[in-house]
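Visitor: below is the sequence, then the predicted model.
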Amino acid sequence: MTETNTLVPLERIEQKILRVRECNVMMDQDLAELYGVETKTLNRAVQRNLDRFPDDFMFQLTPEEFTNLRYHFGTSSSWGGRRYPPYAFTEQGVAMLSTVLNSSRAVHVNIQIMRTFVNLRRMLASNEDLARKLAALEKKYDSQFKIVFDAIRQLMTPQQPPKRKIGFKRDER
């Protein structure tokens, strides 16, 4: 096995990718942990190079998003003690981080993170393809099964018993 395969398991990286604002992102604390640096060290490096991190590369969570994220994981201590909401890095932002951190570990971990993002995109694409095929099948067979569904609905509606006439029956012999 090469060093890049043993550094951080891909499953561990996959667990750190979250969906925020319709983007796949990784949080600053998770990235710092993977890179083997403190979160404040990572954020300082980013702040010194802010021109490399436009809004589509990195954004800071709103207080509401931060609260929702903590509740999502069922614990308030996951990012406990922070005075400000964390930064979220998109795939491009993560790629830019390796140039800012300048360490061998950052480069190797970054390669693994990029591979994980690519695998995630492949899985999403195959799921979208499957959803399209399923929708086409539903459209195709809806008209054919409409008759069956109509018959079932008809059977489900209660039948009115025939009304009996009020009064005496006269025997007609």
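Guide: Okay, I see it. Residues are numbered from 1 along each chain as shown.
Visitor: helix, strand, or coil at the residue nearest the centre of the chain?
Guide: Among the residues of the chain, residue 19 comes closest to the average C-alpha position under C-alpha atoms, centre = their mean, at 4.5 Å. State at residue 19, reduced to three classes by DSSP: H, G, I helix; E, B strand; the rest coil: strand.
Visitor: shaky segments in the protein?
Guide: Counting by pLDDT under 70, the chain shows low-confidence ranges at 1-6, 72-81, 130-131, 134-135, 137-150, 152-153, 156-159, 173.
Visitor: rewinding a little: distance check, the residue nearest to the centre of the chain against residue 88.
Guide: With distances taken as C-beta to C-beta, to the nearest Å, residue 19 is found 10 Å from residue 88. Using the backbone N, CA and C atoms, a C-beta is placed for each residue, glycine as well.
Visitor: need the overlap of contacts for those two.
Guide: Taking C-beta atoms under 8 Å, 6 or more residues apart in numbering as the contact criterion, the residues that touch both residue 19 and residue 88 are residue 25.
Visitor: and the contacts of stretch 41-52?
Guide: The contact list for stretch 41-52 (C-beta under 8 Å, 6+ apart) reads 28, 31, 32, 35, 53, 58, 87, 96, 97, 99, 100, 101.
Visitor: of those residues, closest to residue 127?
Guide: Of all those, the one sitting nearest residue 127 is residue 31; the distance, using C-beta to C-beta, is 25.9 Å.
Visitor: wouldn't that closest one be in contact with residue 97 here?
Guide: Yes - counting by C-beta atoms under 8 Å, residue 31 does reach residue 97; the two are 6.5 Å apart.
Visitor: common neighbours of these two, please.
Guide: 42, 89.
Visitor: across the sheet, point out what pairs with the residue nearest to the centre of the chain.
Guide: Taking DSSP bridges, one finds residue 24 as the beta-bridge partners of residue 19.
Visitor: number of residues surrounding residue 166?
Guide: Applying the criterion other C-beta atoms under 10 Å, we find 5 residues in the vicinity of residue 166.
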